[in-house]
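Undergrad: predicted model and sequence below, questions to follow.
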Amino acid sequence: MRRNIAMALMAATLIVGTVAAPAAFAGTTTAQAYTCHYSVSADKAYAGYYSGNTVIPSSTGVSSAGIEAQCLLKRAGFDPGTIDGVFGTNSKAAAKKFQTMMNNAFGYNIAIDGIVGSDTWPALRWYAV
């Protein structure tokens, strides 16, 4: 009798563990890749997520400005990594390379900080055409 109870408990534990295991990863997220939808208007490139020139993409969460900046950097030839809307290490490195190139090749005076802000947006929109 005890053996039957022990076997039943073991089976129940295995079933519950198998069903519950995926729940342990429920809070884990993988980067979602967004699709860039390019358009050009008045000699400025747009990717369909943000049309302004002032919002700084977030490094801690997904933002439309982050997706837009990543798309435009990619179109301009500066690989930001996965287009996920989070402006992390790869995106900042791509932005720094872009800022450096714009300063050296076109005489811009953009801070080389990896931040796509009010000085970088216009240059990025112009160059990505």
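TA: Great, that's in hand.
Undergrad: buried ones in the strand or helix carrying Ser91?
TA: Assigned by DSSP states H and E, Ser91 falls within helix 89-106. When neighbours are counted by 16 or more other Cβ atoms under 10 Å, the buried residues of helix 89-106 are found to be Asn90, Ser91, Lys92, Ala93, Ala94, Ala95, Lys96, Lys97, Phe98, Gln99, Met101, Met102. Every residue, glycine included, has its C-beta placed from N, CA and C.
Undergrad: quick check, nearest of the residues you listed to Pro57?
TA: Using Cβ to Cβ, Ser91 is the member of the buried residues of helix 89-106 that lies nearest Pro57, at 7.2 Å.
Undergrad: quick check: the gap between Trp121 and Thr60.
TA: Distance check for Trp121 against Thr60: by Cβ to Cβ, to the nearest Å, it reads 20 Å.
Undergrad: re earlier: the buried residues of helix 89-106 into TSV, with extra columns for pLDDT?
TA: Compiled in TSV, those are given as follows (pLDDT from 0 to 100):
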residue	pLDDT
Asn90	98
Ser91	98
Lys92	98
Ala93	98
Ala94	98
Ala95	98
Lys96	98
Lys97	98
Phe98	98
Gln99	98
Met101	98
Met102	98
